[in-house]
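*Asks:* Model the following, please.
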Amino acid sequence: MAMEHLRWRPTVNERDFIESALQSDLRVDGRRSFDFRRLKIAFGREDGSSEVQLGETRVMGYVTAQLVQPYRDRPNEGTLAIFTEFSPMADPAFDPGRPGESAIELGRVIDRGLRESRAVDMESLCVIAGKHVWSMRVDLHILDNGGNLIDAANIAALAALSTFRRPECTVGGEDGQQVTVHDPEVRDPLPLTIHHLPIAVTFAYFGEGNVVVVDPTYKEEAIMGGRMTATINLNGDVCAIQKPGGEGVMSSVIMQCLRIASVKAADITSKIKNAVSGRVRSCSNWPRPDPLPPLITS
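*Replies:* Predicted coordinates for the structure are as follows:
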């Protein structure tokens, strides 16, 4: 099973205890079935950096950008890519080096929710069609695996993208193809155009799909029969659904999960926006460094 947590192997008694509690709408950490753990969103001093804590799970997000040549079939659109890093310090089950199945799946789920829903306006990242566009990169670092990495990493990505500012560019020169990238002290950097926030809400299934909980811990992930992640925005639009194997689930249960996910997405969207607005207010008091000369590319 993808994203299994190998540092804790439940005994038969532990498994029976967790499952019997779930049958009574109780969870080991005291939550009800559809309660999220406590969410904390913090930001680094630099634009586009975030740290999210969801219960015991901690993920750091960092956004960078560079000018590149666009894809031939999309000459007037920028690009967005998600990269994940699973450190053995976050979980002994994570191997250093090449990304494993869990890291690949995590990146794909978040990437699908962001790109297929067109959350970020890619056309606004175009400087010169067919020649220069901004390529956005979101790095997600798993600092501590306490379960449900997808939701925590997705929030970290959205928070980092919401505070990122790219340098302003002007186009000139004799041929009108010379791009000048201005220092933030000369011209204020520009925020990304984000149409909506696709929120990932993960459900775990137990007892042949009869028991469903939201935001599973690593102990619950170790014994769950299956998992589904629904990515939904504030308008209730379903941006993506991911169900990696596991036990089958009835369509009526899936529809119930989508209704719950819609409510949770609205709540998490509000928390992200409040955190971002608080960060913007605090940044206005920071001293500014000396300006640098503009970067010119041809």
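
*Asks:* can you pull the contacts of the residue nearest to E116 when sequence neighbours are not counted?
*Replies:* Distance criterion C-beta to C-beta, 6 or more residues apart in numbering; nearest residue to E116, sequence neighbours excluded, is A240 at 6.0 Å. For glycine as for every other residue, the C-beta is placed from the backbone atoms N, C-alpha and C. Taking C-beta atoms under 8 Å, 6 or more residues apart in numbering, we find A240 in contact with 109, 112-113, 116-117, 198, 229-231.

*Asks:* Next: D139.
*Replies:* 61-64, 83-85.

*Asks:* Next, the buried residues of the helix or strand where it lies.
*Replies:* Using DSSP states H and E, D139 sits within strand 132-144. Buried residues in strand 132-144, counted by 16 or more other C-beta atoms under 10 Å: 132-136, 138-144.

*Asks:* Could you export that strand as CSV, CA atoms only?
*Replies:* Extracted in CSV, the C-alpha atoms of strand 132-144 (Å, rounded to 0.1, in the frame of the first residue of the first chain):
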residue,chain,number,x,y,z
HIS,A,132,10.3,33.7,-22.3
VAL,A,133,7.9,32.5,-19.7
TRP,A,134,8.2,32.0,-15.9
SER,A,135,8.7,28.5,-14.7
MET,A,136,7.4,28.0,-11.2
ARG,A,137,8.8,25.3,-8.9
VAL,A,138,7.3,24.2,-5.6
ASP,A,139,9.5,22.2,-3.3
LEU,A,140,7.8,20.3,-0.5
HIS,A,141,10.0,19.0,2.3
ILE,A,142,8.5,16.5,4.7
LEU,A,143,9.8,17.5,8.2
ASP,A,144,7.8,15.0,10.3
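
*Asks:* Could you list the paired strands of it along with their orientation?
*Replies:* Sheet pairing for strand 132-144, assigned by DSSP bridges, gives strand 57-68 (antiparallel), strand 79-86 (parallel), strand 126-128 (antiparallel).

*Asks:* Figure out how far the longest one is from the centre of its chain.
*Replies:* A distance of 10 Å separates the centroid of the chain from that of strand 57-68, by C-alpha atoms, centre = their mean, to the nearest Å.
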